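Engineer: sequence first, predicted model second:
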Number of protein chains: 2
Amino acid sequence: MTGPDDLPTFDDVVTTAARIAGVVHHTPVLTCRTLDDLCQAHVFFKCENLQKVGAFKARGASNAVLSLSNEKAARGVATHSSGNHGAALAWAAARRGIPAHVVMPRTSKAVKKAAVASYGAHVIECEPTLAAREATLAEVVAVTGATFVHPYNDPRVIAGQGTAALELCEEVHGLDAILAPVGGGGLLSGTALAVSGHCPHTAVWGVEPRAADDAFRSLQVGHIVPSLDPRTVADGLRTSLGTRTFALIQRHVRGIVTVSEEAIVAAMRLVWERMKIVVEPSSAVPLAALLEGGLELAGQRVGIILSGGNVDLEELAWGGRT
Amino acid sequence: MTGPDDLPTFDDVVTTAARIAGVVHHTPVLTCRTLDDLCQAHVFFKCENLQKVGAFKARGASNAVLSLSNEKAARGVATHSSGNHGAALAWAAARRGIPAHVVMPRTSKAVKKAAVASYGAHVIECEPTLAAREATLAEVVAVTGATFVHPYNDPRVIAGQGTAALELCEEVHGLDAILAPVGGGGLLSGTALAVSGHCPHTAVWGVEPRAADDAFRSLQVGHIVPSLDPRTVADGLRTSLGTRTFALIQRHVRGIVTVSEEAIVAAMRLVWERMKIVVEPSSAVPLAALLEGGLELAGQRVGIILSGGNVDLEELAWGGRT
């Protein structure tokens, strides 16, 4: 199977990094001696939870918005999302002063709709099915002339997400491996692209919940296996791969590792307790792989992209409380 | 009233910064657009919650330990503490490979005793009174020959705590004001000392809970007013000033502002939600002053020292849950 022919390149990541510099945060890289001891490795955490809108999604969204001609930009951007991409696109559009239309399932939590609306975006509710999302989005695009920015299967978005790993590699030299969580694959494919050009000897691994292991299975069989009703606490990783992200992952990623739900929660708690930063469950998935032993990287220098920090503090449950 | 004559100087802060570089983290400075909007100011957060042992206390403790001659160091260090200083001293001693003796009230939480012990310190329990703490400590020092390192009223500790503000001023120029929480006054007096030498036009303010306003009252009457059974969520700020910290605060601090308990909890929650970092209630006290309006700094460039991030995740209560 060949991939789509408009895949982004390493040069696109470099160009994107220059385009969005000063728009997104150059996030810090943190280390933690306790976690190093637990993982028996030297781990460098790229803190995209400290990024604008609380997630790496700000990178891809702002790249997509800033790549538009003035004429196209004036008609706005549109997407469907119930999570961080919707907020990121709304934020990026507001920054450029153009309209954003975000299609959200009517079952989305009020707090998420409010977050998107708080950036001034136009929120359009739809039935909670993929068909309804796509039909509603098509209608919005037809009526407004807005440019559709896919949450991950978009060359500008992939190149944008890759800038986090580029910054990490520029700051921390000699990494043996970089781990990123994989849902739709935008972050993982962008990471792999950045590493392939900047430090090709660094191995890139994707990590996903065992309960949503569609990327693992897709790589095994050589075509995209859709994610059907996955039940995982890592709510950012429930989506299936796209054609572009899959093609790049096939080409540049060493492999996909899966982790248990228990390991995800334990890793998330360790990050809060020992690193003093707020991460969402999806962020904790790569660390879970090191702690659970699914990846054997003892003694190595390992980069981890902490993807985001958007959790509802009201809903926190650590298992120790009822 | 004149203060003790062995007060640390600005030069001590500079010397200390060189001594502890590479031992403690050079913590990042974070900004948050949402909080800027809420405060109507440009706020720069010095993240000592991301410091070793999760608090600025690592600075003073490591300076005290590294200042000892080999001969003195060999006999170890001792302190009384139920909080971050005990853990910081234990950590710093372990790093130098010398003994640490930490006297803790037997009513201290098991998790806190375990934290101190986890760094290899010798934990000695005592009755939960000041007299018992001091008597037990005196006995430990007499028996072991260890050097007593006071949690805040110690020139080496004060100079160490001041290095956080020094780093902040070196990184962010033209600050109009710097705010620090005040309990025993080690952080505030060190901050004021650093600023007095590095950027004397920057105003230093102390902030404390209204329910533990002994520093405010001490400055008003011109002598140390002890803190008697204060009831505040900011458990790091329940102690009274020391002679050295009081003398430096009188000399170099613009004033003390007090805040409500409600404002502290609201500020803490905002930091978790919007900045995605874990801070303990004491850390949120300066931001509470900006949000509550007790300090009028509209449009100004304001530095805040976020003092620490040691909270018990099991005990989190936001008011939204029961």
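Structural biologist: Looks like it arrived, so ask away.
Engineer: export stretch A:246-264 as PDB, just CAs?
Structural biologist: What follows is stretch A:246-264, C-alpha atoms only, in PDB (Å, rounded to 0.1, in the frame of the first residue of the first chain):
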ATOM      1  CA  PHE A 246      -0.400   5.800   9.000                       C
ATOM      2  CA  ALA A 247       1.900   6.200   6.000                       C
ATOM      3  CA  LEU A 248       4.400   8.200   8.000                       C
ATOM      4  CA  ILE A 249       4.200   5.900  11.000                       C
ATOM      5  CA  GLN A 250       4.800   2.900   8.700                       C
ATOM      6  CA  ARG A 251       7.900   4.600   7.300                       C
ATOM      7  CA  HIS A 252       9.500   6.200  10.300                       C
ATOM      8  CA  VAL A 253       8.400   4.600  13.600                       C
ATOM      9  CA  ARG A 254      10.300   1.700  15.200                       C
ATOM     10  CA  GLY A 255       7.100   0.100  16.600                       C
ATOM     11  CA  ILE A 256       4.000   0.500  18.700                       C
ATOM     12  CA  VAL A 257       3.900  -0.700  22.400                       C
ATOM     13  CA  THR A 258       0.700  -1.100  24.400                       C
ATOM     14  CA  VAL A 259       0.000  -0.500  28.100                       C
ATOM     15  CA  SER A 260      -2.600  -1.500  30.600                       C
ATOM     16  CA  GLU A 261      -5.100   1.000  32.100                       C
ATOM     17  CA  GLU A 262      -3.600   0.400  35.600                       C
ATOM     18  CA  ALA A 263      -0.200   1.400  34.300                       C
ATOM     19  CA  ILE A 264      -1.600   4.600  32.700                       C
END
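Engineer: for chain B, what's its nearest residue on the stretch 101-250 of chain A.
Structural biologist: A:S118 (9.3 Å; Cβ to the nearest Cβ). (Each C-beta comes from the backbone N, C-alpha and C, glycine too.)
Engineer: got phi/psi on that residue?
Structural biologist: phi -60, psi -20 (degrees, to the nearest 10).
Engineer: how much space is there between it and B:G60?
Structural biologist: Between A:S118 and B:G60 the computed distance is 41 Å (Cβ to Cβ, to the nearest Å).
Engineer: more crowded one of these two?
Structural biologist: The neighbour comparison of A:S118 against B:G60 (other Cβ atoms under 10 Å in any protein chain shown) goes to B:G60, with 34 against 13.
Engineer: using PDB, write out every CA atom in stretch A:20-38.
Structural biologist: What follows is stretch A:20-38 as a C-alpha-only set of coordinates in PDB (Å, rounded to 0.1, in the frame of the first residue of the first chain):
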ATOM      1  CA  ILE A  20       4.900  29.400  14.700                       C
ATOM      2  CA  ALA A  21       7.900  30.600  16.900                       C
ATOM      3  CA  GLY A  22       6.600  33.300  19.200                       C
ATOM      4  CA  VAL A  23       3.000  32.100  18.700                       C
ATOM      5  CA  VAL A  24       3.200  28.900  20.700                       C
ATOM      6  CA  HIS A  25       5.300  28.400  23.800                       C
ATOM      7  CA  HIS A  26       8.800  26.900  23.600                       C
ATOM      8  CA  THR A  27       7.900  24.500  26.300                       C
ATOM      9  CA  PRO A  28      10.400  23.400  29.000                       C
ATOM     10  CA  VAL A  29      12.100  20.000  29.200                       C
ATOM     11  CA  LEU A  30      11.900  18.600  32.700                       C
ATOM     12  CA  THR A  31      13.700  15.700  34.400                       C
ATOM     13  CA  CYS A  32      13.000  13.900  37.600                       C
ATOM     14  CA  ARG A  33      15.500  11.800  39.500                       C
ATOM     15  CA  THR A  34      12.800   9.600  41.100                       C
ATOM     16  CA  LEU A  35      11.300   8.700  37.800                       C
ATOM     17  CA  ASP A  36      14.700   8.000  36.300                       C
ATOM     18  CA  ASP A  37      15.300   5.600  39.200                       C
ATOM     19  CA  LEU A  38      11.900   3.900  38.700                       C
END
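Engineer: name the residues of it that are buried.
Structural biologist: In terms of neighbour count (16 or more other Cβ atoms under 10 Å in any protein chain shown), stretch A:20-38 has its buried residues at A:20, A:23-25, A:27-30, A:32, A:35, A:38.
Engineer: burial count for the residue of the stretch 151-300 of chain A found nearest chain B?
Structural biologist: Nearest to chain B in the stretch 151-300 of chain A, going by Cβ to the nearest Cβ, is A:K276, at a distance of 3.4 Å. Residues near A:K276, counting by other Cβ under 10 Å, number 26.
Engineer: test my guess that it contacts B:V278.
Structural biologist: Yes: using Cβ atoms under 8 Å, A:K276 is in contact with B:V278, at 4.3 Å.
Engineer: need the contact list for A:D213.
Structural biologist: Residues in contact with A:D213, defined by Cβ atoms under 8 Å, 6 or more residues apart in numbering or on different chains, are A:256, A:258.
Engineer: now the phi/psi pair for it, please.
Structural biologist: phi -100, psi 40.
Engineer: how much space between it and B:N153?
Structural biologist: 57 Å.
Engineer: returning to what we had before: from the buried residues of stretch A:20-38, pick the one nearest B:R251.
Structural biologist: Distance to B:R251 across those (Cβ to Cβ) is lowest for A:P28, with 34.6 Å.
Engineer: leaving out chain neighbours, which residue sits closest to that closest one?
Structural biologist: Distances taken as Cβ to Cβ, 6 or more residues apart in numbering or on different chains put B:P28 closest to A:P28, at 4.3 Å, once the chain neighbours are dropped.
Engineer: shared neighbours of A:K276 and B:V278, anything?
Structural biologist: The overlap between the contact sets of A:K276 and B:V278 (Cβ under 8 Å, 6+ apart) consists of B:49, B:309.
Engineer: so, low pLDDT: which residues of chain A?
Structural biologist: A:1-3, A:316-322 (pLDDT under 70).
Engineer: domain ranges for it?
Structural biologist: A:10-56+A:154-315, A:58-148 (automatic domain parsing).
Engineer: let's have the ones you listed in TSV, adding distance to B:V141.
Structural biologist: Formatted as TSV, the domains of chain A follow (distance: least, Cβ to Cβ, whole Å):
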stretch	distance to B:V141
domain A:10-56+A:154-315	30
domain A:58-148	54
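Engineer: would you mind finding the most buried of those?
Structural biologist: domain A:10-56+A:154-315 (a mean of 22; mean count of other Cβ atoms under 10 Å in any protein chain shown).
Engineer: re earlier: nearest to chain B among the buried residues of stretch A:20-38?
Structural biologist: A:P28 (4.3 Å).
Engineer: just checking, the closest one touches A:F44?
Structural biologist: No: contact criterion Cβ under 8 Å: A:P28 and A:F44 do not qualify, at 10.5 Å.
Engineer: next, the distance between the ends of stretch A:101-113.
Structural biologist: With Cα to Cα, to the nearest Å applied, stretch A:101-113 spans 12 Å between its terminal residues.
Engineer: so which residues make contact with it?
Structural biologist: By Cβ under 8 Å, 6+ apart, stretch A:101-113 touches A:76-83, A:86-87, A:89-90, A:116, A:121-128, A:132-133, A:136-137, A:140, A:144, A:146, A:312.
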